[in-house]
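> Could you work out the structure for the sequence below:
(2 chains)
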Amino acid sequence: AQSVTQLGSHVSVSEGALVLLRCNYSSSVPPYLFWYVQYPNQGLQLLLKYTSAATLVKGINGFEAEFKKSETSFHLTKPSAHMSDAAEYFCAVSDLRTSYDKVIFGPGTSLSVIP
Amino acid sequence: SQTIHQWPATLVQPVGSPLSLECTVEGTSNPNLYWYRQAAGRGLQLLFYSVGIGQISSEVPQNLSASRPQDRQFILSSKKLLLSDSGFYLCAWSPGDGQKLFFGSGTQLSVL
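I've put the predicted structure just below:
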């Protein structure tokens, strides 16, 4: 069965500092991997996705993530945090063996940005 | 372009009352539709998914039910709400290619 773990339920960074949000997955087949962001009282929106092309994936708002098969990781980074980056971030893996888009989400990491 | 509408945005209901949350998608046909629940401080739990009209699958046993009376309409219901039904409910759709989910803006349900 596929699963996703996110190390750290809450991460705080200073404005302008590096953002690193960790994600590890388990999957018996090559996965599709995603990062979604959720602002307070809103739905989720896609930041970026890995679908077996380039291992370094660039997304919106300056975020990027690197797929490392040997480490089963898909960590999210941004060189310089902005106040507007404060939100909940979810890593997710898609089980492509199902007839529907079965997406398994991690528990989420809440990012705070300190001015 | 495709859009997804979900309402109401917030809802406060007494224990034992019925529930109906509605979700509609525009600009696409035959989407896969999903209902997720997000409890406070927790991740997303898939409740129901549908790959076509009248086709509903449940991921977890619960006090809720779902229906898809039209191609682009997905309804989440309950006959009698429990306190444990409180949470943030999200509707989503996908084209069925494993690439992406598109989420609605969510409904914050408080059962008192």
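> So the nearest residue to A:Leu111 once chain neighbours are set aside versus chain B, what's the distance?
Spatially, and ignoring its direct neighbours in sequence, A:Leu111 is nearest to A:Val11 (5.3 Å; Cβ to Cβ, 6 or more residues apart in numbering or on different chains). For glycine as for every other residue, the C-beta is placed from the backbone atoms N, C-alpha and C. Note on A:Val11: its distance to chain B, by Cβ to the nearest Cβ, to the nearest Å, is 15 Å.
> Give me the mean pLDDT for the strand or helix carrying A:Val11.
A:Val11 is part of strand A:10-14, with elements assigned from DSSP states H and E. On average, the pLDDT along strand A:10-14 is 97.
> Now it - C-alpha only, CSV.
This file holds the C-alpha atoms of strand A:10-14, laid out as CSV (Å, rounded to 0.1, in the frame of the first residue of the first chain):
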residue,chain,number,x,y,z
HIS,A,10,4.9,22.6,12.1
VAL,A,11,7.9,24.5,10.7
SER,A,12,8.8,28.1,11.4
VAL,A,13,11.3,30.1,9.3
SER,A,14,12.3,33.7,9.2
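> and chain B, which residues reach chain A?
Residues of chain B lying near chain A by Cβ under 8 Å from any Cβ of the partner chain: B:6, B:9, B:32, B:34, B:41-44, B:46, B:49, B:51, B:57, B:88, B:90, B:92, B:94, B:96-101, B:103-106, B:108.
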